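A.B. asks: Here's a sequence, model it:
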Amino acid sequence: MDTKIGSLETCKPTCNDIGSGPNGDVSTIQNSVTSTLIKDYEATLGRHLARRLVQIGVTDVFSVPGDFNLTLLDHLIAEPGLKLIGCCNELNAGYAADGFARSRGVGACVVTFTVGGLSVLNAIAGAYSENLPVICIVGGPNSNDYGTNRILHHTIGLPDFSQELRAFQTVTCYQAVVNNLEDAHEQIDTAVSTALKESKPVYISISCNLPAIPHPTFVREPVPFFLSPRLSNHLGLEAAVEATAEFLNKAVKPVLVGGPKLRVAKAGDAFVELADASGYAVAVMPSAKGLVPEHHPHFIGTYWGAVSTAFCAEIVESADAYLFAGPIFNDYSSVGYSLLLKKEKAIIVQPDRVVVANGPAFGCVLMKDFLKALAKRLKKNDTAYENYHRIFVPEGQPVKGDPVEPLRVNVLFQHIQNMLSGDSAVIAETGDSWFNCQKLKLPKGCGYEFQMQYGSIGWSVGATLGYAQAVPEKRVIACIGDGSFQVTAQDVSTMIRCGQKSIIFLINNGGYTIEVEIHDGPYNVIKNWNYTALVDAIHNGEGKCWTAKVRCEKELIEAISAATGPKKDCLCFIEVIVHKDDTSKELLEWGSRVSAANSRPPNPQ
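C.D. replies: Reported below is the predicted structural model:
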């Protein structure tokens, strides 16, 4: 979903385009300056921060109260355009801000000092790894306590208050400690604008005694951000396009592969434009699923080495040239470093850099500009796609069984596939859901999110909360394993409080199946819960929630029929009981390769 926040004026090349979703066009915060004075009781630090959040497109802030942030929360609540969403714990508040940012282009959470900050830290690290601008706000100590020898609660018992700040320095692109009113305006604005420019999280600590105090710097509506766009070096862009066009136009069967950094480069539309112009076969890396439209006529699936979708790897790895737009090659995406790619055949396009066939490299070249310019220079070549079309055999259907026999995972995902439409979105949890959801064919407009780089189990519960809050017009379908759900289950409560209508498929196979396939041991078996009873207890008759436990295809069909029919206005929680060894074939292959990579012996000294 793209959220545009005004127009952009050209200025010096100092920052990224901001305020939009994964494929957003150039946009920024450029409202008309008003000279209207703000009433004294609204001219406070807290209300200024609230107005700034609303101005950049944040409508919901995910929070957990603590004594250091209570006054700040009062002032955030008072802002008409802002809704405070109380979460059960800070980790989920951070995950929710992550999920919100994936749809709206920016998210925010508010926690309390150190005990809250260190609890949300893991979620902020995940947002950093995924290039998501999340504003992490912490209610800090009273301003009078800075520079003293006092020991405060919520600390480790030392008079040094910097522990939290130091922890956040490695997972945020900017940190602001606001403990006076004189420069609070500037500190907050710098933090917010830096998050948007860098597309990374920022940390803002606000002393607990400051949010309610009026100050002359807050007596007018905030002066609009003026954020200049980052521009390509014109000569570098021309040279990169020239070298790339010469390389690709000589190729016999070139292909295009979209990567996860298409999001931060806001180059999704430009990538499609290049695909349309070139006629090349188009694939995506697993972590880019959802960033490239799968209804594109030349889309051939997910390139993930040995666990690619059917016939995709054969086309990509046999190509004599491949352009990767925004790739991340880590041990997971490379299936334990086993991709059959050659650097001399590759064009690697990063958000601001192009490398042609292992050199030369061109810096200060923005991906969006490069892809658009390249589209005008390539000869039409559909050889790779024709080869794919020639060898492609439609995927077989799961073996038809008795409708009351134990349910198989491939049958479950066949039914999930049939649920998808442009009005839905899929959230895939770390685990076998990665592989099963990867094979889903996304209809036009269907959203898709998962966290592959950081891979923090439990992420999807909070992310489902945040994503569904950001796009209430879409029905979120979340696929979550039992092990992951046990980490963050509490915030199903918040989904119910918010009146959300998501469908959660809780896949109960009795443990950490993804870990089993990498390296098995007794630690991968978890205590089984009665998950539907747990959610019923959380529901407690307040709000709209419906649960079902299914063990066979017949019960699954009935549950889906209810969830999409009479219970369509409810949060629907469907616990699916499957065999502990029932996994996708892709996980079996991937797990063995990752295991081999993890167990490599030390290099000889």
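A.B. asks: helix/strand/coil for the residue nearest the centre of the chain?
C.D. replies: Per C-alpha atoms, centre = their mean, the C-alpha nearest to the average position across the chain is that of Arg102, at 4.9 Å. Look at Arg102: counting by DSSP: H, G, I helix; E, B strand; the rest coil, its state is helix.
A.B. asks: Look up the closest residue to it, ignoring the ones flanking it.
C.D. replies: Closest residue to Arg102 apart from its sequence neighbours, by C-beta to C-beta, 6 or more residues apart in numbering: Glu449 at 5.2 Å. (Glycine included, C-beta is placed from N, CA and C.)
A.B. asks: quick one: contacts for the one you found?
C.D. replies: Residues in contact with Glu449 (C-beta atoms under 8 Å, 6 or more residues apart in numbering) are Gly99, Arg102, Gly290, Ala425, Val426, Ile427, Ala428, Ala463, Tyr467.
A.B. asks: Could you double-check that the second one sits in contact with Leu132?
C.D. replies: Yes. Between Arg102 and Leu132 a contact is recorded at 6.6 Å, counting by C-beta atoms under 8 Å.
A.B. asks: Burial check on the closest residue to Cys173 other than its chain neighbours, number of neighbours?
C.D. replies: Excluding the flanking residues, the one nearest Cys173 by C-beta to C-beta, 6+ apart is Lys200, at 3.9 Å. By other C-beta atoms under 10 Å, 22 other residues sit near Lys200.
A.B. asks: any weak-confidence spans in the stretch 1-150 of the chain?
C.D. replies: For the stretch 1-150 of the chain, applying pLDDT under 70 flags the ranges 1-36.
A.B. asks: if you set the cut-off to 50 instead, what comes out?
C.D. replies: Confidence mapping of the stretch 1-150 of the chain against pLDDT under 50 gives the ranges 1-28, 30-35.
A.B. asks: Let me see the ranges of the strands in it.
C.D. replies: Using DSSP state E, counting those that start in this stretch, the strands of the stretch 1-150 of the chain run over 60-63, 83-86, 107-112, 134-140.
A.B. asks: do the stretch 151-300 of the chain as well
C.D. replies: Taking DSSP E, counting those that start in this stretch as the criterion, the stretch 151-300 of the chain carries its strands at 175-178, 202-207, 255-258, 281-284, 299-302.
A.B. asks: what helix or strand is the residue nearest to Arg102 on?
C.D. replies: Element membership for Glu449, per DSSP states H and E: strand 447-450.
A.B. asks: Ala596 now?
C.D. replies: helix 585-598.
A.B. asks: Can you point out the buried residues in that helix?
C.D. replies: For helix 585-598, the neighbour count (16 or more other C-beta atoms under 10 Å) marks Glu586, Leu587, Glu589, Trp590, Gly591, Arg593, Val594, Ala597 as buried.
A.B. asks: mind giving me TSV with the residues you listed and columns for pLDDT and distance to Val241?
C.D. replies: Shown next, in TSV, are the buried residues of helix 585-598 (pLDDT from 0 to 100; distance: C-beta to C-beta, whole Å):
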residue	pLDDT	distance to Val241
Glu586	79	37
Leu587	76	40
Glu589	79	38
Trp590	77	36
Gly591	79	41
Arg593	80	36
Val594	79	37
Ala597	82	36
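A.B. asks: Who are the contact partners of the nearest residue to Gly126 once chain neighbours are set aside?
C.D. replies: Residue nearest to Gly126 in three dimensions, not counting chain neighbours: Tyr454, with 4.0 Å by C-beta to C-beta, 6+ apart. Applying C-beta under 8 Å, 6+ apart, we find Tyr454 in contact with Ala125, Gly126, Ser129, Glu130.
A.B. asks: Which one of those is nearest to Thr112?
C.D. replies: Proximity of the contacts of Tyr454 to Thr112 (C-beta to C-beta) peaks at Ala125, which lies at 18.9 Å.
A.B. asks: State the distance from the closest one to Ser456.
C.D. replies: As judged by C-beta to C-beta, to the nearest Å, Ala125 and Ser456 stand 8 Å apart.
A.B. asks: For these two, indicate the residue with more neighbours.
C.D. replies: Between Ala125 and Ser456, counted using other C-beta under 10 Å, the more crowded position is Ser456 (22 against 19).
A.B. asks: Could you tell me which residues make contact with that one?
C.D. replies: Applying C-beta under 8 Å, 6+ apart, the residues near Ser456 are Asn122, Ala123, Gly126, Thr430.
A.B. asks: swap the cut-off to 10 Å and go again
C.D. replies: By C-beta atoms under 10 Å, 6 or more residues apart in numbering, the contact set of Ser456 is 91, 95, 98, 122-123, 125-126, 129, 429-430, 462, 484, 487-488.
A.B. asks: Make sure it is indeed in a helix.
C.D. replies: No. Per three-state DSSP, Ser456 lies outside any helix segment and is coil.
A.B. asks: Tell me the spacing between it and Ser63.
C.D. replies: Taking C-beta to C-beta, one finds Ser456 at 20 Å from Ser63.
A.B. asks: And Cys109, by the same measure?
C.D. replies: 6 Å.
A.B. asks: In terms of neighbours, single out the busier of the two.
C.D. replies: In this view Cys109 and Ser63 are compared by other C-beta under 10 Å, and Cys109 has more residues nearby, 32 against 27.
A.B. asks: give me phi/psi at the nearest residue to Ala251 once chain neighbours are set aside?
C.D. replies: Using C-beta to C-beta, 6+ apart and skipping residues adjacent in sequence, the residue nearest Ala251 is Ala321, 3.6 Å away. Main-chain dihedrals, Ala321, degrees, to the nearest 10: phi -160, psi 140.
A.B. asks: rewinding a little: who touches both of Arg102 and Leu132?
C.D. replies: Common neighbours of Arg102 and Leu132 (C-beta under 10 Å, 6+ apart) are Arg263, Gln451.
A.B. asks: Chain neighbours aside, what residue packs nearest to Ser584?
C.D. replies: Phe435 (4.2 Å).
A.B. asks: in terms of contact, does the one you found touch Glu589 like I think?
C.D. replies: Yes. With contact defined as C-beta atoms under 10 Å, Phe435 and Glu589 form a contacting pair (9.3 Å).
A.B. asks: Point out where the protein drops to low pLDDT.
C.D. replies: 1-28, 30-35.
A.B. asks: domain parsing for it?
C.D. replies: As assigned by automatic domain parsing, the chain contains the domains 40-218, 234-391, 409-582.
A.B. asks: wait, which of those is closest to Asn603?
C.D. replies: That would be domain 234-391 among those, by C-beta to C-beta, at 14.4 Å.
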